[in-house]
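S.K.: Structure here, sequence nowhere to be found:
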C-alpha cells in the first residue's frame, strides 16, 4: 500500500495571553496586549495571529448601555411581551438591528447593522459590571482588529493578523461556537477552487471559513467563565495575508435559503 | 488597574499525523493510525484527542457507491431536474435522508438518518477513486470513533478521545467549517450553567459545542486538497471525559426555529 509522503506541515500552537489587565472603558486594547506580552515575556513574531474576545473590545470602546436609562418603544414593548424579555433590552436589540430574522419561542434572531445573523444582536449582559448594563458589539470590528494590529506593529515591529471573535448559536446544532466578527491581516475564507483531491477529482467544498475555525480554536482556551482568557495567540498557521473584511463571511441574504 | 492572576492554563498543540497510508475499503483505520504513529515516532498520551476526517472512515467502511449502478426513482428524477443535479446522486441523497429541509436554488439540504442537517446528506464525490463513485457518511460515526479509540488503547495502553469530522456549510455565513459527526471519550458540549462571569453575573452562553470547535481547529491542518492530512492530534485540551454521543450536538427539530 502506498504511503503518503512526509509533509512539511508542522504543528499549530494555541497560546493563552496571560496577565492581561481587566479592560475598562477607554483602554487601548492593543497597548494592553503589548503590556501583557512584556510582562509574560511572550515574543510575538511575524505570522502570529491573535484572537481577541469581542467583550473586551466592546468594553474598551465604551459600547456599554445602562438599560435603566432606556425608554422602550411600543414596538419593543410588544415584542418583549411576546418573547418574555425585558422591553429595554428588546429596544436596544432593535436599535442594533437591520431586520428581524426570527422572533419566536423566546428567541430574537436578528441581522445586525454589520450583517451578522445572531441572537439578540450580540447584546450581552455578561462580562460587564453592573446589573443593568449590557455590552453591544463593536461598531466596526474590522477597524477594532486593525487598531490592535497597528499597536503591535508599532511596539514590536511584527505584522500579526487579528480576529475579533464572538460566541454565536446556530441553527440545527446545540451549543454555541466562536466565530470571527472582525478581521485584519488575513483572508477570512480559504478557497480551494481549481484544486484537486487525492484521486485527481474536483473538490466538493471549495471554500472554508478559516477565520471562523481560528476563532473556534481560540475559544478552547478562552472559556466563558471568570477564569477566562480574552486574548489567544495562534502560531504556526500559514494564513493568507489580506486586507479583506470579515464581511466576506456574511452570506448575501438573497443567496441564503434559510432567511425565508 | 488590577491584573488578572497568572493562569496555569497552558498551550494547546494541533499536530498532523504524517505517513498515514491512503485508506482503502476494508482497512482498519485505528490500526493504520497506530502504524503511522510507529513510523513517525509519535507517542500518543492519555488525554490526547484525535480528529479523523470522515472521508477515510467512509472509505474504510466501504461506504462507497457507484452511481452508474443506481436506478433513480421518479421522485429523485423530478427533484434532480428541479435542482440541476444528477438523478442517481439525488436518489442516493434521498436514501440517506430522513427528510428534506430545503430543496431550492440548486441546494438539497436534508436531515440525515443520524439527524445531521447538511447539504446532500454528506454524500461526497471528492476523495474517492473513480469518476462515478461517491462516499456516504459512516452509518454510525460514534461507533467508528469508538473502534479507533479501542485500537489505540490496545496498541499503546493510552486512552484518547476521538472525533470523526466532516466539513459542513451553514446558514447565514459563507464558507464551510469542520464539525463533529461522531465522538468517543469526550463530552461534545461544555456547560457553563451556574458559573459566573468576570463581574459575578450569570453567563449568557451556557453551552459551547467544544467537539465542533475541536473539529474546526483540526481542519486548519487538514485542508481539502491532495496534500491533505486526514488525522490530527490535539494535545493539551482538557476535555471532559464522557461516553456521550455526538448526537448531543443535534438540535431537537421541534426546538429548532429554522426548520420551518
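M.R.: It's in. All of these numbers come straight from a predicted model, not from anything done at the bench.

S.K.: What residues are bridge-paired with the residue most central in space within chain A?
M.R.: Residue closest to the mean C-alpha point of chain A, counted by C-alpha atoms, centre = their mean, is residue A:165 at 1.8 Å. Taking DSSP bridges, one finds residue A:53, residue A:180 as the beta-bridge partners of residue A:165.

S.K.: Hmm, residue A:183 and it touching each other?
M.R.: No - counting by C-beta atoms under 8 Å, residue A:165 does not reach residue A:183; the two are 9.9 Å apart. C-betas here are computed from N, CA, C, even on glycine.

S.K.: now the helices for chain A?
M.R.: A:29-40, A:54-60, A:74-83, A:87-95, A:141-156, A:210-222 (DSSP state H).

S.K.: Of these, which is nearest chain B?
M.R.: helix A:210-222 (3.7 Å; C-beta to the nearest C-beta).

S.K.: Could you give the bridge partners of the nearest residue to residue A:100 once chain neighbours are set aside?
M.R.: Closest residue in space to residue A:100, ignoring its immediate chain neighbours: residue A:110 at 5.4 Å, by C-beta to C-beta, 6 or more residues apart in numbering or on different chains. Beta-bridge partners recorded for residue A:110 (DSSP bridges): residue A:100, residue A:118.

S.K.: Run a quick neighbour tally on residue A:110.
M.R.: Residue A:110 has 23 neighbouring residues, counting by other C-beta atoms under 10 Å in any protein chain shown.

S.K.: Thought residue A:117 was touching it, still the case?
M.R.: Yes - using C-beta under 8 Å, residue A:110 makes contact with residue A:117 at a distance of 7.3 Å.

S.K.: What's opposite residue A:233 in the beta bridge?
M.R.: Those that pair with residue A:233 in a beta bridge, by DSSP bridges, are residue A:15, residue A:50.

S.K.: returning to what we had before: most tightly packed of the helices of chain A?
M.R.: helix A:210-222 (a mean of 28; mean count of other C-beta atoms under 10 Å in any protein chain shown).

S.K.: how close does the closest residue in space to residue A:34 that isn't next to it in sequence get to residue A:148?
M.R.: Of all residues not flanking residue A:34 in the chain, residue A:155 sits nearest, at 4.3 Å (C-beta to C-beta, 6+ apart). Counting by C-beta to C-beta, to the nearest Å, the separation of residue A:155 from residue A:148 is 11 Å.

S.K.: any low-confidence regions in the stretch 51-200 of chain A?
M.R.: Applying pLDDT under 70 to the stretch 51-200 of chain A flags residues A:127-130, A:193-200.

S.K.: What's the local residue count around the closest residue in space to residue A:32 that isn't next to it in sequence?
M.R.: Excluding the flanking residues, the one nearest residue A:32 by C-beta to C-beta, 6+ apart is residue A:21, at 5.3 Å. Other residues lying near residue A:21 total 19 when counted by other C-beta under 10 Å.

S.K.: For residue A:21, give its distance to residue A:29.
M.R.: 10 Å.

S.K.: residues in contact with the residue nearest to residue A:120 when sequence neighbours are not counted?
M.R.: Distance criterion C-beta to C-beta, 6+ apart; nearest residue to residue A:120, sequence neighbours excluded, is residue A:93 at 5.2 Å. Contacts for residue A:93 (C-beta atoms under 8 Å, 6 or more residues apart in numbering or on different chains) come out as A:108, A:110, A:120, A:121, A:123.

S.K.: Kindly report the same for residue A:13.
M.R.: A:233, A:234, A:235, A:236, B:11, B:12, B:13, B:14.

S.K.: pLDDT and distance to residue A:37 added to those, as a markdown table?
M.R.: Converted to a markdown table, the contacts of residue A:13 look like this (pLDDT from 0 to 100; distance: C-beta to C-beta, whole Å):
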| residue | pLDDT | distance to residue A:37 |
| --- | --- | --- |
| A:233 | 97 | 9 |
| A:234 | 97 | 15 |
| A:235 | 96 | 13 |
| A:236 | 95 | 18 |
| B:11 | 93 | 15 |
| B:12 | 95 | 19 |
| B:13 | 95 | 20 |
| B:14 | 96 | 22 |
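
S.K.: filter those residues to the buried ones?
M.R.: Among these, those classed as buried by 16 or more other C-beta atoms under 10 Å in any protein chain shown are A:233, A:234, A:235, A:236, B:12, B:13, B:14.

S.K.: Next up, the contacts around the nearest residue to residue A:238 once chain neighbours are set aside.
M.R.: Leaving aside its chain neighbours, residue A:238 sits nearest to residue A:47 (7.4 Å; criterion: C-beta to C-beta, 6+ apart). By C-beta under 8 Å, 6+ apart, residue A:47 lies in contact with A:159, A:160, A:235, A:238, A:239.

S.K.: so how many other residues sit close to the second one?
M.R.: So the one you mean is residue A:160. 23.

S.K.: So for the closest residue to it other than its chain neighbours, what's the pLDDT?
M.R.: With sequence-adjacent residues excluded and distances taken as C-beta to C-beta, 6+ apart, residue A:160 is closest to residue A:48, at 4.6 Å. pLDDT recorded at residue A:48 is 98.

S.K.: so who does residue A:48 touch?
M.R.: Per C-beta under 8 Å, 6+ apart, neighbours of residue A:48: A:158, A:160, A:161, A:233, A:234, A:235.

S.K.: Please identify the nearest residue in space to the closest residue to chain B within the stretch 51-200 of chain A, excluding sequence neighbours.
M.R.: Closest approach between the stretch 51-200 of chain A and chain B, counting by C-beta to the nearest C-beta: residue A:175, at 2.9 Å. Among residues not flanking residue A:175 along the chain, residue B:209 sits closest, at 2.9 Å (C-beta to C-beta, 6+ apart).

S.K.: wait, the one you found sits on residue A:179?
M.R.: No - with contacts counted by C-beta under 8 Å, residue B:209 stays clear of residue A:179, the gap being 11.8 Å.

S.K.: Can you report how many residues lie near residue A:166?
M.R.: So residue A:166, with other C-beta under 10 Å, has 25 neighbours.

S.K.: Could you report the distance from the spatially closest residue to it that is not a sequence neighbour to residue A:181?
M.R.: Leaving aside its sequence neighbours, residue A:166 sits nearest to residue A:54 (C-beta to C-beta, 6+ apart; 4.3 Å). Look at residue A:54 and residue A:181: by C-beta to C-beta, they are 6 Å apart.

S.K.: what's the answer for residue A:14, then?
M.R.: 19 Å.

S.K.: for residue A:53, same thing?
M.R.: Applying C-beta to C-beta to residue A:53 and residue A:181 gives a distance of 11 Å.

S.K.: Residue A:42: neighbouring residues, count only.
M.R.: Neighbours of residue A:42 (other C-beta under 10 Å): 16.

S.K.: Neighbours of the closest residue to it other than its chain neighbours, how many?
M.R.: In space, and not counting its chain neighbours, residue A:42 is closest to residue A:17: 6.9 Å by C-beta to C-beta, 6+ apart. For residue A:17, the count of nearby residues is 23 (other C-beta under 10 Å).

S.K.: ditto for the one 10 residues further on
M.R.: Residues lying near residue A:27 (other C-beta under 10 Å) number 18.

S.K.: Let me see the contact set for it.
M.R.: Counted by C-beta under 8 Å, 6+ apart, residue A:27 has contacts A:21, A:59, A:60.

S.K.: ok, now with 6 Å
M.R.: Residues in contact with residue A:27, defined by C-beta atoms under 6 Å, 6 or more residues apart in numbering or on different chains, are residue A:60.

S.K.: In this model residue A:231 seems to touch the residue nearest to residue A:42, though I could be wrong.
M.R.: Yes - using C-beta atoms under 6 Å, residue A:17 makes contact with residue A:231 at a distance of 4.0 Å.

S.K.: Distance from stretch A:239-256 to the middle of the chain?
M.R.: Put simply, stretch A:239-256 sits 13 Å off its chain's centre (C-alpha atoms, centre = their mean, to the nearest Å).

S.K.: What are the buried residues along that stretch?
M.R.: Buried, per 16+ other C-beta under 10 Å, within stretch A:239-256: A:239, A:244, A:245, A:246, A:247, A:248, A:249, A:250, A:251, A:256.
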